[in-house]
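*Asks:* here is my input, please return the structure:
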Amino acid sequence: MSIQYIIDADGKKVAVIVSLEEWEYLQAKLREYGEELSPEEIAASEAAWEDYLSGKTRPLAQVIKEQLHDRED
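*Replies:* Coordinates of the predicted model:
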């Protein structure tokens, strides 16, 4: 799988280019998952994606570090 990113003047990834073959595969998977998810799950996934796009999420490494710090064992 070959992925290319388009980066803006600030170095932020703003777009991605995938091969047509990969795009068709991803679209097929999306349709497959769409048939398995409830409307509520789809809405939650879309909301999470919007949070990610708007920068409201935290890096996984930060979340793991916080979880490990809060452990009592």
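
*Asks:* if I look at the spatially most central residue of the chain, how far off is Ala43?
*Replies:* The chain has Trp49 as the residue nearest its centroid, 6.2 Å off, counting by C-alpha atoms, centre = their mean. Going from Trp49 to Ala43 by C-beta to C-beta, to the nearest Å gives 11 Å. Bear in mind the C-beta positions are built from the backbone N, C-alpha and C, glycine included.

*Asks:* do the same with Ser54
*Replies:* Ser54 is 16 Å from Ala43, where distance means C-beta to C-beta.

*Asks:* which one's more surrounded, those two?
*Replies:* Comparing Ser54 with Ala43 by other C-beta atoms under 10 Å, the one with more neighbours is Ala43, at 11 against 8.

*Asks:* would you map out the domains in the chain?
*Replies:* 1-36, 40-73 (automatic domain parsing).

*Asks:* any low-confidence regions in the chain?
*Replies:* In the prediction, the chain carries residues with pLDDT under 70 at positions 1, 34, 71-73.
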